[in-house]
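Participant: With the sequence up front, the predicted model follows.
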Amino acid sequence: ASRVLNTDHSATYLAYGAENYRLNGLGGAPGAPETERDETGGSASGASAFDAYCEDFYPAVRQLAGLPPPGRQGRGGGRGSRRALGGGARGRHGGFSRGGAAPKKAKPPRPETFDLVILDPPTLTKTSYGAVDIENDYQSLAKPSALCVTPGGVLLATNHSHRVDMDDWLAIVEKCVKKAGCAVTRVEVVRPEPDDDDHPAMADGKRPLKVAAFTLE
């Protein structure tokens, strides 16, 4: 990826991501200077640029999607570029930082799209902008996330509630994507390996963790 943006409400979890990025030799070490960008938005040196935006998921994703933030008037946006976005929703307010540096207050991000958007929410949490509820309200997560996907890109979504059926969840995400004005051209379910002890099956043989890649146009 020419650029990776990790957004989370927790500065602690963003720091874990930055350290993982550094340990894998991908550059962007904590405190590293800003990388020069080429005309496509990627780094001029060829190395991918790691950015972190510490903010509640709801305002962050709506800003990136070009939608009005909660309670505010927003700017218009569109879909299009080669980048990756990863998002969770937990923790503490902050701002925008580069290369794993400590988050600091900054202007909200401009509307932007990505080739890959990873939507990995917790099962249930409350924020100042509302509750994240993957059992009853996955729609509020999926719709703005779909608007951040470049045409031809992928929305990689997860749901790890044992109360949610796989087929029902897939149908919900597809419906949300269509309401966002996108078309789903392919759905690939990513199943854990049979010997994956981190996500064991329940008594009925089903695994709580559900992962699917939705290719959007």
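Facilitator: Arrived safely, thanks for sending.

Participant: for the chain, what helix or strand is lowest in average pLDDT?
Facilitator: strand 96-98 (a mean of 49; mean pLDDT, DSSP states H and E).

Participant: and the next element down the chain from it?
Facilitator: Following strand 96-98 in sequence order, the next helix or strand is strand 114-119 (DSSP states H and E).

Participant: Using PDB, write down the CA coordinates of that following strand.
Facilitator: The C-alpha coordinates for strand 114-119 follow below in PDB (Å, rounded to 0.1, in the frame of the first residue of the first chain):
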ATOM      1  CA  PHE A 114      -9.100   3.300   0.000                       C
ATOM      2  CA  ASP A 115      -8.500   0.100  -2.000                       C
ATOM      3  CA  LEU A 116      -9.000  -1.800   1.300                       C
ATOM      4  CA  VAL A 117     -11.100  -0.900   4.200                       C
ATOM      5  CA  ILE A 118     -10.900  -3.200   7.300                       C
ATOM      6  CA  LEU A 119     -13.900  -2.900   9.600                       C
END
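
Participant: Please name every helix or strand in contact with it.
Facilitator: When contacts are defined as 3 or more Cβ pairs under 8 Å, 6 or more residues apart in numbering; DSSP states H and E, strand 114-119 packs onto strand 84-87, helix 139-146, strand 149-159. Placement of C-beta: from N, CA and C, glycine included.

Participant: let's see 10 Å
Facilitator: Packing contacts for strand 114-119, counted by 3 or more Cβ pairs under 10 Å, 6 or more residues apart in numbering; DSSP states H and E, involve strand 3-8, helix 57-64, strand 84-87, helix 139-146, strand 149-159, strand 210-216.

Participant: Restrict the helix or strand following that strand to CA atoms and write it as CSV.
Facilitator: For strand 114-119, the succeeding helix or strand toward the C-terminus, using DSSP H and E, is strand 124-127. Output in CSV follows, covering the C-alpha atoms of strand 124-127 (Å, rounded to 0.1, in the frame of the first residue of the first chain):
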residue,chain,number,x,y,z
LEU,A,124,-20.5,-3.9,22.1
THR,A,125,-19.2,-0.6,23.4
LYS,A,126,-20.5,2.9,24.2
THR,A,127,-18.9,6.1,23.0
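
Participant: re earlier: compile the helices and strands packed on strand 114-119 into CSV and extend it with columns for mean neighbour count and distance to T185.
Facilitator: Output for the helices and strands packed on strand 114-119, formatted as CSV (neighbours: other Cβ atoms under 10 Å; distance: least, Cβ to Cβ, whole Å):
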stretch, mean neighbour count, distance to T185
strand 3-8, 23, 24
helix 57-64, 24, 22
strand 84-87, 22, 19
helix 139-146, 23, 13
strand 149-159, 21, 8
strand 210-216, 20, 5
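
Participant: and of the ones you listed, who's closest to C176?
Facilitator: Proximity to C176 (Cβ to Cβ) singles out helix 139-146 among the helices and strands packed on strand 114-119, at 3.9 Å.

Participant: buried ones in stretch 111-128?
Facilitator: Neighbour-count burial for stretch 111-128, counted by 16 or more other Cβ atoms under 10 Å, picks out 111-121, 125, 127.

Participant: Nearest to A11 among the residues you listed?
Facilitator: T127 (14.6 Å).

Participant: Show me what that closest one is bridged to.
Facilitator: T127 has these beta-bridge partners by DSSP bridges: G130.
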